[in-house]
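Q: just the structure for this:
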Amino acid sequence: MRIGIIGGGAAGFFSAIAVKESHPEAKVVIIEKSRQLLSKVKISGGGRCNLTNACDPQDLYQAYPRGGRSLKKAFNLFNNKDCVAWFESRNVPLVTQDDSCIFPVSQDSQSIIDCFLKECKRLSIEIQVGLKVKSINTVGDLFELDFDKNDVVSGSFDKLIVTTGGSPKRSGLEWLEVLGHKIEDPIPSLFTFNMPDEAVTKLMGIVVENALVSLPGSKLKSEGSLLITHWGMSGPAILKLSAFGARILSEKNYEFKILVNWVNEVNLDLVIENLKAIEKEHTNKLLANYRPYGLPDRLWQFLLEKGNLSPQKRWGELGKKGMNKLLNLLTNDEYSVKGKTTFRDEFVTCGGVSLKSVDMTTMQSKKVKNLYFAGEVLDIDAITGGYNLQAAWSTGFLAGQLR
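A: Below is the predicted model:
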């Protein structure tokens, strides 16, 4: 049995190893279009490779705006705990950070790359680079591949696993569409918000550890750390909102308003109660000198200025009008977004091969027998925290069973 893996990234290598371990007699060939293998793994997590997340395996699916529920079968067979065991059994010790992200102890993605290459050598998996597949042809029960530049890989394949990753353009998926697969238009996911007209950018570098961000007129909201940048806002709260709102924000042409709840408290009565307690206990303190909820000093001064509240005013002088103004600034602070910033090298797409075209219990195509999919080529994407790579491991493992 000859198996072709189209794509030399995370899902491709994991699929190849899974095939060889479940079918030792098979001849496995990884075919990569570029000269560099595992390029996205190399830069993942800032070069440290955020492999997975330490959340409860039962909660994994919640991190996926698209494809989460469909991945439950794959997660039942290979989840984040299995991922940890897989790498550690191959002499790659891992460490879990306070934010539940899991990295190699080496803090170097090269440890993961070396592990894969070592496994491929041990299992006699063939690797061919610089070969871009142009089309897949069926000849009887076999597959033959056409390549750009008339390149040739000798022989046909009994089964194929497509692991080519996300494509920023639909045209990059047409070779799969012609086989009958439904394609969901690819658009960016996981991006930061540009705010060219907002003065908040002068606070670049400030981090609020637990903010709540929402999109007015929708149910979209996200909480977590928020980073103010020289172009706008970033951090997990923003990236998560961009992921779950990817299609909605694309339809708005990336021009919209967001509301920031700096204190992440939706019960406004509790916030008022807290502010009144400060007013009572620190009546004579200047607003400038007492920050509620431990907000960063520069942000607090900025909010006072934005609300036309004099920093020299005393807490006891706020009055009802001033108290309501402060409540609004802390819990319902509005900003205009005009554009996005994506990090090209770590680009994550919403879209790809529709899950309606794939049997998610086996990862086999519903359109072409013995053709399988794994990784970001599918319409599956996740928030930050190691979840996108976990999807690659899980779908790669499932596809590699060749069921």
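Q: residue contacts, the residue of the chain positioned farthest from its centre?
A: Going by Cα atoms, centre = their mean, the residue of the chain most distant from its centre is Asn284, 47.5 Å out. Each residue near Asn284 by Cβ atoms under 8 Å, 6 or more residues apart in numbering is listed here: Arg314, Trp315, Gly316. For every residue, glycine as well, the C-beta is placed using N, CA and C.
Q: Trp262 versus the second one, what's the distance?
A: Going from Trp315 to Trp262 by Cβ to Cβ, to the nearest Å gives 18 Å.
Q: before we move on, what about the last one?
A: According to Cβ to Cβ, Gly316 and Trp262 sit 23 Å apart.
Q: the first one too?
A: Arg314 sits 22 Å away from Trp262 when distances are taken as Cβ to Cβ.
Q: neighbour count for those two, which is higher?
A: Using other Cβ atoms under 10 Å as the criterion, Arg314 and Trp262 rank with Trp262 on top: 23 against 16.
Q: for that one, what are its contacts?
A: Counting by Cβ under 8 Å, 6+ apart, Trp262 has contacts Val208, Ala211, Tyr293, Leu295, Leu299, Leu303, Leu329, Leu330, Thr331, Asp333.
Q: redo the contacts of Asn284 as JSON lines? Include pLDDT.
A: Below are the contacts of Asn284 laid out as JSON lines (pLDDT from 0 to 100):
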{"residue": "Arg314", "pLDDT": "97"}
{"residue": "Trp315", "pLDDT": "97"}
{"residue": "Gly316", "pLDDT": "96"}
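Q: what sits up against the helix or strand where Phe13 lies?
A: Here Phe13 is covered by helix 10-22, with elements defined by DSSP states H and E. The contact list for helix 10-22 (Cβ under 8 Å, 6+ apart) reads 3, 5-6, 26, 28, 30, 32, 37-38, 40-41, 116, 119-120, 123-125, 161, 163, 165, 372, 374-377, 389, 392-393, 395-397, 399-402.
Q: in the stretch 201-350 of the chain, which spans are helices?
A: In the stretch 201-350 of the chain, helices defined by DSSP state H, counting those that start in this stretch lie at 236-244, 246-251, 268-281, 297-306, 319-331, listed in chain order.
Q: and Phe193, bridged to which residues?
A: In this entry, Phe193 is beta-bridged to Met233, Lys340, by DSSP bridges.
Q: I'd say it and Ile238 touch.
A: Yes. With contact defined as Cβ atoms under 8 Å, Phe193 reaches Ile238; the gap is 5.7 Å.
Q: overlap of the contact sets of those two?
A: Listed contacts common to Phe193 and Ile238 are nil; contacts here mean Cβ under 8 Å, 6+ apart.
Q: where do the strands of the stretch 301-403 of the chain begin and end?
A: Taking DSSP state E, counting those that start in this stretch as the test, the strands found in the stretch 301-403 of the chain are 333-338, 340-341, 348-353, 358-359, 364-365, 371-373.
Q: list the neighbouring strands of the first one plus their orientation.
A: The reference is to strand 333-338. Partners of strand 333-338 in the sheet, by DSSP bridges, are strand 255-261 (antiparallel).
Q: quick one: contacts of stretch 287-297?
A: Residues from elsewhere that reach stretch 287-297 (Cβ under 8 Å, 6+ apart): 206-208, 262-263, 274-275, 278, 282, 300-301, 303-304, 309-315, 318, 330.
Q: got the end-to-end distance for it?
A: In stretch 287-297, first residue to last residue: 11 Å (Cα to Cα, to the nearest Å).
Q: now that stretch: how far from the chain's centre is it?
A: Remark: stretch 287-297 is offset 33 Å from the chain centroid, using Cα atoms, centre = their mean, to the nearest Å.
Q: separation between Gly385 and Gln62?
A: Distance of Gly385 to Gln62, computed by Cβ to Cβ: 11 Å.
Q: more neighbours, these two?
A: Legend: neighbour count by other Cβ under 10 Å for Gly385 and Gln62, higher for Gly385 (24 against 14).
Q: who's in contact with the more buried one?
A: By Cβ under 8 Å, 6+ apart, the neighbours of Gly385 are Asn50, Asn53, Ala63, Asp99, Ser100, Cys101, Pro236.
Q: again, only using 10 Å
A: Neighbouring residues of Gly385 by Cβ atoms under 10 Å, 6 or more residues apart in numbering: 45, 50, 52-55, 63, 97, 99-102, 224, 236, 239-240.
Q: next one: phi and psi at the closest residue to Asp381 other than its chain neighbours?
A: Excluding its sequence neighbours, the residue lying closest to Asp381 (Cβ to Cβ, 6 or more residues apart in numbering) is Ser189, at 4.9 Å. Phi and psi for Ser189, reported as degrees, to the nearest 10, are phi -130, psi 160.
Q: perfect, that will be all.
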